[in-house]
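Participant: prediction below, plus the sequence it came from.
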Amino acid sequence: MRIGILGTGNMGYAIGKGLQLAGYGITVYNRSDRNVSELKSGGAHVAESVHELAKESDLVIIAVKPKDILGVIRENCDYLEGKTVVSIAAGVSLQSLRVASENKATMARVMPNTPALISKGVYGVVSDGLDQELRESIVKLFSSIGEAYLITEEDIHGFISIAGSSPAYIFMFMEALADAGVRMGIKRADAYDIVADTLIGSAMLYKKTKEHPGALKDMVTSPKGTTIEAVRILEEKGFRTAVIEGALAAGLKSREMEAKDK
């Protein structure tokens, strides 16, 4: 399958770089030079136009801003005819994508996150209306640069809450935890590495054991110990509520955007 990427901003670049690391050849097009030279140096073919990109691709990943995607598809629907088009835009429904393309292209949605840059992305694949072979091809493609989950279009808002947007929350947590280490005298660079390794190890522990996160937390919290004291303060300060409400806000914003799109 020949892969094209229209738009090389942060997410388009991350997906493109990940696909290159996974051994895929890609064709890219962007109106500006942003990230294009980096992808070209990795072996990407740089198209001079959307027409050329579509001509060189079987599947086109459109990675432009949500506010721009329908206009881009309308302007180029003739070039996209007969292609599989994957939108990564939050808040733009499959129905709107199909209408914009005048039903000339086969539409799918994928919600990515930024760890795609190192082939560790998590992707929600919305493939409503696709045949089994094409659905499997899209899942296989994105599984090569991380973990791909088949979800319904309605589930995409929840997916954005816990995966699409969550790297930002995780990095905020990482920064705050490192700040505590610095306050206790640890060098900042060391603190970031220590926190990152702890996050990775904790995630791997869950993935390996499939123990309930609460049970894994309890393994660390000895009676009258340091950890339970930290947990007490986090609960007192509303840690859980802040995380839940923040994540819900992302998903509800996605749902609101999609409602306005209809």
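Facilitator: Arrived safely, thanks for sending. Residues are numbered from 1 along each chain as shown.
Participant: start to end distance for stretch 117-127?
Facilitator: End-to-end distance for stretch 117-127: 23 Å, by C-alpha to C-alpha, to the nearest Å.
Participant: contacts for it, please.
Facilitator: Here stretch 117-127 makes contact (C-beta atoms under 8 Å, 6 or more residues apart in numbering) with 13-15, 17-18, 21-22, 94, 108-116, 134-135, 138-139, 142, 144-153, 155-156, 159-160, 163-164. (Glycine included, C-beta is placed from N, CA and C.)
Participant: show me where this protein has its strands.
Facilitator: In the chain, the strands defined using DSSP state E lie at 3-6, 26-29, 45-46, 59-62, 84-87, 106-111, 121-126, 146-151.
Participant: what about the residue nearest to residue 72 when sequence neighbours are not counted, how many neighbours?
Facilitator: Of all residues not flanking residue 72 in the chain, residue 64 sits nearest, at 5.5 Å (C-beta to C-beta, 6 or more residues apart in numbering). Number of residues near residue 64 (other C-beta atoms under 10 Å) recorded here: 22.
Participant: do the same with residue 178
Facilitator: Neighbour number of residue 178 under other C-beta under 10 Å is 20.
Participant: quick one: the closest residue to it other than its chain neighbours and residue 181, what's the gap?
Facilitator: Nearest non-adjacent residue to residue 178, counting by C-beta to C-beta, 6+ apart: residue 191, 3.9 Å away. Separation of residue 191 from residue 181 (C-beta to C-beta, to the nearest Å): 4 Å.
Participant: compare those two (neighbour count), which wins?
Facilitator: Neighbour count, other C-beta under 10 Å: between residue 191 and residue 181, residue 191 has more, with 21 against 16.
Participant: quick one: the helices in this protein, in order.
Facilitator: 10-21, 36-41, 50-55, 66-76, 94-100, 132-143, 156-159, 166-183, 188-209, 213-220, 226-236, 239-261 (DSSP state H).
Participant: and of those, who's closest to residue 82?
Facilitator: Each of those has some distance to residue 82 by C-beta to C-beta; the shortest is helix 50-55, at 9.2 Å.
Participant: show me how far the closest one is from its chain's centre.
Facilitator: 25 Å (C-alpha atoms, centre = their mean, to the nearest Å).
Participant: mind giving me the packing neighbours of that helix?
Facilitator: If you count contacts as 3 or more C-beta pairs under 8 Å, 6 or more residues apart in numbering; DSSP states H and E, helix 50-55 packs onto strand 3-6, strand 26-29, helix 66-76.
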